[in-house]
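Predicted model, plus sequence, below.
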4 protein chains.
Amino acid sequence: MKKKNIVSIFALLSILMMAACQKAKNEKKVTKENLTKMTPQTNNEKSHWPNGARLVISFSMQFETGGQPKGAESPFSGNPLPEGNPDMPAESWFRYGAKEGVYRMLDLWKKHGIYVTSHVVGEAAIKYPEVAKAIADGGHEIAAHGISWSDQWDMSYEEELQFIKKGIDTVAAITGQRGRGYNANWLRRGPHTLKVLQDLDFLYHIDDLSRDEPFITMVRGKKFVVVPYTLRNNDIVNIEGKHWSPDQFLAQLKAEFDQLYDEGAMQRRMMSVSLHDRIGGTPAVVNVIDQFIEYAREHEGVVFMRKDKIADMVKNDPDTPVDNSEIKFNQ
Amino acid sequence: MKKKNIVSIFALLSILMMAACQKAKNEKKVTKENLTKMTPQTNNEKSHWPNGARLVISFSMQFETGGQPKGAESPFSGNPLPEGNPDMPAESWFRYGAKEGVYRMLDLWKKHGIYVTSHVVGEAAIKYPEVAKAIADGGHEIAAHGISWSDQWDMSYEEELQFIKKGIDTVAAITGQRGRGYNANWLRRGPHTLKVLQDLDFLYHIDDLSRDEPFITMVRGKKFVVVPYTLRNNDIVNIEGKHWSPDQFLAQLKAEFDQLYDEGAMQRRMMSVSLHDRIGGTPAVVNVIDQFIEYAREHEGVVFMRKDKIADMVKNDPDTPVDNSEIKFNQ
Amino acid sequence: MKKKNIVSIFALLSILMMAACQKAKNEKKVTKENLTKMTPQTNNEKSHWPNGARLVISFSMQFETGGQPKGAESPFSGNPLPEGNPDMPAESWFRYGAKEGVYRMLDLWKKHGIYVTSHVVGEAAIKYPEVAKAIADGGHEIAAHGISWSDQWDMSYEEELQFIKKGIDTVAAITGQRGRGYNANWLRRGPHTLKVLQDLDFLYHIDDLSRDEPFITMVRGKKFVVVPYTLRNNDIVNIEGKHWSPDQFLAQLKAEFDQLYDEGAMQRRMMSVSLHDRIGGTPAVVNVIDQFIEYAREHEGVVFMRKDKIADMVKNDPDTPVDNSEIKFNQ
Amino acid sequence: MKKKNIVSIFALLSILMMAACQKAKNEKKVTKENLTKMTPQTNNEKSHWPNGARLVISFSMQFETGGQPKGAESPFSGNPLPEGNPDMPAESWFRYGAKEGVYRMLDLWKKHGIYVTSHVVGEAAIKYPEVAKAIADGGHEIAAHGISWSDQWDMSYEEELQFIKKGIDTVAAITGQRGRGYNANWLRRGPHTLKVLQDLDFLYHIDDLSRDEPFITMVRGKKFVVVPYTLRNNDIVNIEGKHWSPDQFLAQLKAEFDQLYDEGAMQRRMMSVSLHDRIGGTPAVVNVIDQFIEYAREHEGVVFMRKDKIADMVKNDPDTPVDNSEIKFNQ
């Protein structure tokens, strides 16, 4: 055997391996185009998604910058300035969300053809209408997040109704989209919230951490959809709060995905990921989210969806679980 | 040389490598079936397990959800609501344990044919009897964890006896299994606890961190088994408390395993891993536990056991160490 | 086939692989020499750097040791000693910056032919003039960081002017370089700071976190350059504050780099990295910074620059964005 | 070419690569036997170690368990029990150091033929004399760490002298070794400490963080050796305090080693690693320390030494730096 032969063997082996690899990828990848043609799962012991997906992934993109109160949580809030002193670096830290963060994430969604749910604080949209419009123009869901960045768990029914209504009216006037889903500040809704949302014709809320799939909860006898949120795949909780580096966040997302994808063969499963303008929109986080999306897309049956589309899909589906754990508040 | 040949060479190489790999695995893997046939260790300088295992691994699965008091430790407890306000997202975070967490772990144990020890809070079993029953029906040990999620280190002897007795009576009525092992809230037993446990016919407790193998401690002159716990391989301590990502938890488990497995050649060694319904039962944690179990099972002589079986095995074995460090409390 | 042949085959394969690897590196590597010959980006939709760089990276090296007040943040400051007691290990921890840290970083910059911006506290230069001189002698920028390590956000205009002026005068007398850029203690400038800096003929400041590229802000009608800082690639925030290990810091730098480098094809992008004498100058951190620089240099169009050079380059460039978000303070 | 040939080629290649690998390792490995035969470094611009080592690594093994006061730092100390209540799980956590931790580390040192410095609290030796003796019997240095686990920075000269003297007398009576090196509780010596140590004929202390090599400081005109400590390669600081997982600790050690080893070609460099009985002695930490030692030993010129041997070697060497930064306290 001659040297020349070995070289060509090496080259050929490389080519063959690359080809095999590509083939595997192609076989796994699901595009929006071919999804409707997917064969339904053969095992019907447990419920599946109406659209035949094996796993539904939904991103939240919070747009809050500009709406923050004095002393809002930031790298500077642990050492607050006395009343009346502007915290200039803290303000510039928040500004990053509107100047860089949202636009970077919009580019990412566009690159992958993904549509997300953006929870928009009313005052953020007032301060940066161009950002709110850019989100809506990108085909993303504009969901409600209150008129301002403040507690609502201690409001009266009427106060809370005005608080939420003012938020959706404001954001609708700016973006042309009226929110159908709700996210309370730090998830801290109160006992009236679901009734208020029902009265304002909301379709769903996300401030529940109890399940890995959407469910129905009865509010005054009528169906209300819960599209659960998570603190696990959440930039503000893990990157700011738990001090994770981006590689840890990626490891979390992949481990979570692998498990839910496995379970998705037998059961309806949803993965929720949450990103805030000034945190999730930083370069390193967007880089690992990009890697995560690439990874997820190599698997058959993974579908990325806005939360309103998910809620519409499951609201009247008989396989959607009903959970009335909070019934005492919702009568 | 033709392409066709290269392909078959490539295929052959792959097959050979896989075969070698599988062979290595087979040689290492120990099933319950062949364990009793294992040759005892040849080096007898130090004690070994009566069943010939090189390393015993025991999982704890705490079922506590539903029994938590207001303000119990959660991602929301750092910012508690004033008395009288329901913390709705916090409650939903706990609910995850009963709705998803325990069931996901039960699936994992079933997949690997492993039986674990479940420490069940009485009030959790009252609130979610179907969960408690599912654990018992899976063949797992139902161990005691108090009637409620509250301090017991400051109770009188009589109070503590009632507290523990009410817990086992309650859980036994629901699951049909009477607890023989005990775990105090945050491990914080008091000076009476072991005497109370002895009076209630308990076999063992776990609230001791001093050793990597079970031992005997004398309580009023009679043997009581300690099956030590650990804060090192513990989801609540590391994932919630230390803010580890799941890959860190896996790294810890593997490093711990590697060392104890090495030592197991010469000495009786046990590895304890602890998982709580709402933390260890999340997708990413179950995913890394699954990886860890796969990893451990590739090693010869690794046996997964319930803690009651461990205590039964060692209680009267002459090689079991006796440690009376707490003798002043146990007379 | 004989063993000898195999060896030469193996050697040949290695050589071929190394050669391919080297070729790829050569194609990517940009030296200062060939940078000016770089073809400008063909896509002109967005602005690029005047020097044709695809990504500009700028290191900050804070020299502060010796200027710290009693109880300054250190591994001992969480448990402060009562007034009047010298905290001897804490003082020795700070001393590391002057005895080891700065010199180790200077060696690193020299190894790679990189020039950085050093923010020098006046009192640190007084205490360790040989360190300040060594920085200046290495060709690095001596930027201002106040006369002492103390708050300036609450100073009057006149106090702040004296505070900053005393700092630059002091450091200029020692190093021969007069600072043209400013960094406030913990970035906490006040509402007067930019006007003070303008009056003292400063070119730029860094205490803004809102963008990933330099911009102009108008101060009393005249251009002032902002070369943004970041808390993301920052040793004191992440290694001391967030408790990252050095591998996490490297992961952050690489993920940040990858994203900004991608964006650099279309848009002017800058990456800022910050290192403090006693933290960034430790062996493990310098080791990962070394790895990061190697990694970055394998990419075409990456240029390492001092912040004064960046500010000079962009101040009058028409593509430099103007941002007057703080205009109310700067009139 | 036939299939059979390819197989043998593959096998041969594997064997050759392994052989080459082993050869490289052999060439790098330095044993105590051949160290004295090592050629001195040819570059003499900077100082080197008298024994020709390229890098000296010294482990500290704190034996403190049993000497802890009520409420000493532990996983339970954040939630202390009221006065008078025994914290039973906390006590068992400390006991681990004496029951498992020290013995595990002693096995590790023995496996690698390494001798370390053990800082022994007097009361720990009183409580567990068998542990203190086992350390001494293993050939390790018994260094002083006070009679009890308590502050000494606020003691008068006379109090501090009694405190330290009682410690060394006690430990000498138990182990037969009289401490020549000192480590204060949390490094917090006071202004009298070095004079006290000199009066008690100590050779060196470690409570200084300012350098990566030993140095001389003048105490009342006479030489006193400082063998610097570090908080960077320190289990209590990083694993308990910073919540690192063991893989992070290993990453830190390797990055630190790589940098100091590089520098060791030109300059005298020392790497200090610190392990506490109940933390460094846990299985996962010993596992990564074992990996680190293996890694370090693959490099030529790495020598592991007790701190008393280091101090003896450098005390009168003219290349040892003199640093009188604390001269005002030592006159």
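Received, thanks.

show me where the stretch 151-300 of chain A has strands.
Assigned by DSSP state E, counting those that start in this stretch, the strands in the stretch 151-300 of chain A fall at A:181-182, A:204-205, A:215-219, A:222-226, A:270-276.

Now do the second one: which elements does it pack against?
Here strand A:204-205 is seen to pack against strand A:181-182, helix A:193-199, strand A:222-226, helix A:307-315 when contacts are counted using 3 or more CB pairs under 8 Å, 6 or more residues apart in numbering or on different chains; DSSP states H and E. In this view, the C-beta of every residue, glycine as well, is placed from N, C-alpha and C.

Pick the most deeply packed of these.
Stretch with highest mean neighbour count among those: strand A:181-182 (a mean of 25; mean count of other CB atoms under 10 Å in any protein chain shown).

next structured bit after the least confident helix or strand in chain A by mean pLDDT?
Confidence across the helices and strands of chain A bottoms out at helix A:32-35, with a mean of 33, counting by mean pLDDT, DSSP states H and E. Where DSSP states H and E defines the elements, the next helix or strand beyond helix A:32-35 is strand A:55-63.

so what strands line up beside that next one?
The strands beside strand A:55-63 in its sheet (DSSP bridges) come out as strand A:117-120 (parallel), strand A:270-276 (parallel), strand A:302-304 (parallel).

Output those strands in a markdown table; the columns should cover distance to B:D207 and mean pLDDT.
Converted to a markdown table, the strands paired with strand A:55-63 look like this (distance: least, CB to CB, whole Å; pLDDT from 0 to 100):
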| stretch | distance to B:D207 | mean pLDDT |
| --- | --- | --- |
| strand A:117-120 | 44 | 98 |
| strand A:270-276 | 36 | 98 |
| strand A:302-304 | 44 | 98 |
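
Make a markdown table from these and add mean neighbour count to it.
As requested, those are arranged in a markdown table below (neighbours: other CB atoms under 10 Å in any protein chain shown):
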| stretch | mean neighbour count |
| --- | --- |
| strand A:117-120 | 30 |
| strand A:270-276 | 25 |
| strand A:302-304 | 22 |
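
Indicate which one of the ones you listed is closest to D:N324.
strand A:270-276 (51.7 Å; CB to CB).

Now that closest one - C-alpha only, PDB.
C-alpha atoms of strand A:270-276 as PDB (Å, rounded to 0.1, in the frame of the first residue of the first chain):
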ATOM      1  CA  MET A 270     -44.000  22.000  26.200                       C
ATOM      2  CA  MET A 271     -40.700  23.800  26.900                       C
ATOM      3  CA  SER A 272     -40.800  27.400  27.900                       C
ATOM      4  CA  VAL A 273     -37.700  29.700  27.700                       C
ATOM      5  CA  SER A 274     -37.700  33.300  28.900                       C
ATOM      6  CA  LEU A 275     -35.400  36.100  27.900                       C
ATOM      7  CA  HIS A 276     -35.400  39.700  29.100                       C
END
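
quick one, that strand and helix A:307-315 angle?
Here the directions of strand A:270-276 and helix A:307-315 differ by 160 degrees (axes from the mean of the first three to the mean of the last three CA atoms, to 10 degrees).

Could you tell me how far strand A:270-276 lies from the centre of the chain?
The gap between where strand A:270-276 is centred and where its chain is centred comes out at 4 Å by CA atoms, centre = their mean, to the nearest Å.

Can you list the neighbours in contact with that strand?
A:55-62, A:64, A:97, A:101, A:105, A:206, A:212-214, A:227-230, A:233-236, A:253, A:256-257, A:260, A:280-281, A:285, A:289, A:292, A:310, B:283 (CB atoms under 8 Å, 6 or more residues apart in numbering or on different chains).

now do stretch A:312-328
A:47-51, A:194, A:203, A:210-211, A:213-218, A:223, A:225-226, A:268, A:305, A:330, B:88, B:91-92, B:95, B:99.

do you know which of the strands paired with strand A:55-63 lies nearest B:G146?
Across these, closest to B:G146 is strand A:270-276 (CB to CB), at 33.7 Å.

hang on, A:T117 packs against A:F63?
No. The pair A:T117 and A:F63 fails to qualify as a contact (CB atoms under 8 Å) at a distance of 10.9 Å.

Which secondary structure state does A:A134 sit in?
Assigned with DSSP: H, G, I helix; E, B strand; the rest coil, A:A134 falls in the helix class.

Leaving out chain neighbours, which residue sits closest to it?
A:L106 (6.2 Å; CB to CB, 6 or more residues apart in numbering or on different chains).

Let me know the angle separating whatever helix or strand that neighbour lives in from strand A:55-63.
Assigning secondary structure by DSSP H and E places A:L106 in helix A:102-112. For helix A:102-112 against strand A:55-63, the angle by the same axes, to 10 degrees is 160 degrees.

Buried residues of helix A:102-112, list them for me.
Residues A:102-106, A:108-109 are the ones in helix A:102-112 that count as buried (16 or more other CB atoms under 10 Å in any protein chain shown).

Including pLDDT and distance to D:G78, could the residues you listed go into CSV?
Formatted as CSV, these follow (pLDDT from 0 to 100; distance: CB to CB, whole Å):
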residue, pLDDT, distance to D:G78
A:V102, 98, 39
A:Y103, 98, 42
A:R104, 98, 39
A:M105, 98, 37
A:L106, 98, 43
A:L108, 98, 40
A:W109, 98, 42
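
Could I get these in TSV, plus columns for distance to A:S74?
Shown next, in TSV, are the buried residues of helix A:102-112 (distance: CB to CB, whole Å):
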residue	distance to A:S74
A:V102	17
A:Y103	20
A:R104	19
A:M105	19
A:L106	23
A:L108	23
A:W109	25
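
thinking again about what came up before, show me the one of the helices and strands packed on strand A:204-205 that comes nearest B:I135.
So among the helices and strands packed on strand A:204-205, strand A:222-226 is nearest, using CB to CB, at 26.3 Å.
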